[in-house]
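# I'll drop the sequence and a predicted model, then ask my questions.
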Amino acid sequence: MHGRRSLILAASAVLLWLLGGSLVYFSVGNCSEIPRMRSNGVVTTIQQCPWTFAQSFYFSVQTGLSIGFGLLSESQNISKLYSCVHILAGSSVISGALALFAQLALARHTSFQSKEEKLLAEASEKLHADGYKGFTLSQLRGLMVTYPHYANAIIRKTYKDHVAARQMITEFKAADHQRRQAMADEILHVSVQVVEQFKCANVLTIRDIEEIDQATAPCTSRIKRAMGKHFNFILACTAFIVWIVIGLLFSVYADGNDFVTGLYYAVSTLSTAGMVAVKTVESQAHVLFTAFYALIGVPIYGLFLGMFANLLIDGYYKQQVQDTLKEKFNRAELEFLDHIADNDQQPDVNFAEFVEFQLLRLGKVDRDLIESIRKQFRNLDTDGSGRVRKAEFLHQVDFKEALASPTSSVLMNAKEGDITPLSRNLDIVEVCV
């Protein structure tokens, strides 16, 4: 919600800036001499005085975005002075708006649960099971009957014959509740005999089911998941290509250019190079189209470049994190780790202190954020015991909503052996989770 509000404010600032510039250029009475080439090759000039509002808006956009098509030039000194302010303000307003837009679009999904894990956690809660500890065979049977999607994964894992597996999946999907129960018993009986994972007391955890589903999914499902993972980039790429085609068609059919020149116009406009302008500024439709084409197209191009760069460096970034984790600590880092360990007056480093140290070392958080989390925990820890009752923690959000969410399932299973959901206290590591 906060990001959407910020985006609306940024878009409003850009529109106000552009319309303000249009009104200034329209009111000061600029005049321009525009060269025209006749059919016989003779170049003449026409006088455009004063500029129309459409021409003023076109000039406001192409100046503010630093495109500089060059067909219109200012004749009034007051207009030129304002352009200095307009360009400088544009550098701030446009850059800030583009940065915010890109930040919202490129923001990583920071939820610690994947979409599939959330669905499994919700299913686990409805079945009164501890999916993170592991589903028993009985609970797994209930999961398969109630949620046939997960039965498909188990069937594909159990039956190596793809034809037989597909036939079993189709039959299971079409079966009624009673028939599904019988089929689930039969499938699990075979699974226990042929799949090693099914021979444990707690057969499969949520993570195991996720991994089986991903490993055994058909090709179409894998492609769909890959597209979903990079959906924002695919959307930005599609928008960029469509916008290029729109500019190309306009230049060819409305301005009478050939294919190469039309493509040149579209790309140079979106990249703010401004190498090809419209052939006429007398046509209000032409200048308005170009103004809006640049106004919308430049952010699309910037977003596409940002997402493409993010896609390229994502793998490198993940590898850098792993390399950093494997690096030996230097003396300065060890000194800081000693400082962290002294917080609890104990000589050894516990898990919470090690997590804090590694997150700081990786640059995932800063010290101010750690201190804010620590203060939040101290406020919850009213008796100073170093632990907080779950009921007190969950009270910080909507209590009923928290109990119905996948997150509460994680909190209820933070430690093995929990019997009552709110009977145990949480330490600072579990609160951070």
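Thanks, I have it.
# the strands in this protein, which residues?
Taking DSSP state E to define them, one finds strands in the chain at 32-37, 43-48, 388-389, 425-426.
# count of residues packed around residue 246?
Residue 246: 15 surrounding residues under other CB atoms under 10 Å. The way it works is simple: take the backbone N, C-alpha and C, and place the C-beta from them, glycine included.
# which pLDDT value belongs to the nearest residue to it once chain neighbours are set aside?
Nearest residue to residue 246, sequence neighbours excluded (CB to CB, 6 or more residues apart in numbering): residue 293, at 7.2 Å. Residue 293 carries a pLDDT value of 91.
# residue 287 too?
On pLDDT, residue 287 comes in at 85.
# how deep is the residue nearest to residue 246 tucked in, by neighbour count?
There are 21 residues near residue 293, going by other CB under 10 Å.
# doesn't residue 247 make contact with it?
Yes: assessed by CB atoms under 8 Å, residue 293 is found in contact with residue 247 at 5.9 Å.
# any residues in contact with both of those two?
residue 269 (CB atoms under 8 Å, 6 or more residues apart in numbering).
# residues near residue 46, how many?
13.
# same check, this time on residue 93
For residue 93, using other CB under 10 Å, the count is 18.
# cool, and residue 378?
13.
# any idea how far residue 99 is from it?
35 Å (CB to CB, to the nearest Å).
# helices of the stretch 251-400 of the chain, residue ranges please.
For the stretch 251-400 of the chain, the helices defined by DSSP state H, counting those that start in this stretch cover 259-270, 284-326, 331-341, 351-362, 367-380, 390-394, 399-403.
# re earlier: how about the residue nearest to residue 246, what does it touch?
243, 246-247, 250, 269.
# now do residue 119
Taking CB under 8 Å, 6+ apart, we find residue 119 in contact with no residue.
# quick check: which of the helices of the stretch 251-400 of the chain is nearest to residue 50?
Each of those was scored for nearness to residue 50 using CB to CB, and the closest is helix 284-326 (14.1 Å).
# low-confidence regions, the stretch 101-250 of the chain specifically.
Across the stretch 101-250 of the chain, the ranges flagged by pLDDT under 70 are 101-113, 201-202.
# please repeat the previous calculation with a cut-off of 90.
Along the stretch 101-250 of the chain, the parts satisfying pLDDT under 90 run over 101-144, 146-154, 156-166, 169, 173, 177, 188-236.
# all helices of the stretch 51-200 of the chain, in order?
Using DSSP H, counting those that start in this stretch, helices in the stretch 51-200 of the chain cover 53-64, 77-106, 115-126, 137-146, 148-158, 162-174, 177-194.
# which one of the strands of the chain has the poorest average confidence?
strand 425-426 (a mean of 54).
# list buried residues within the contacts of residue 293.
Using 16 or more other CB atoms under 10 Å as the burial test, the contacts of residue 293 include 243, 247, 250, 269 as buried.
# inside helices: which ones of those residues?
Using DSSP state H, 243, 247, 269 are the members of the buried ones among the contacts of residue 293 that sit in helices.
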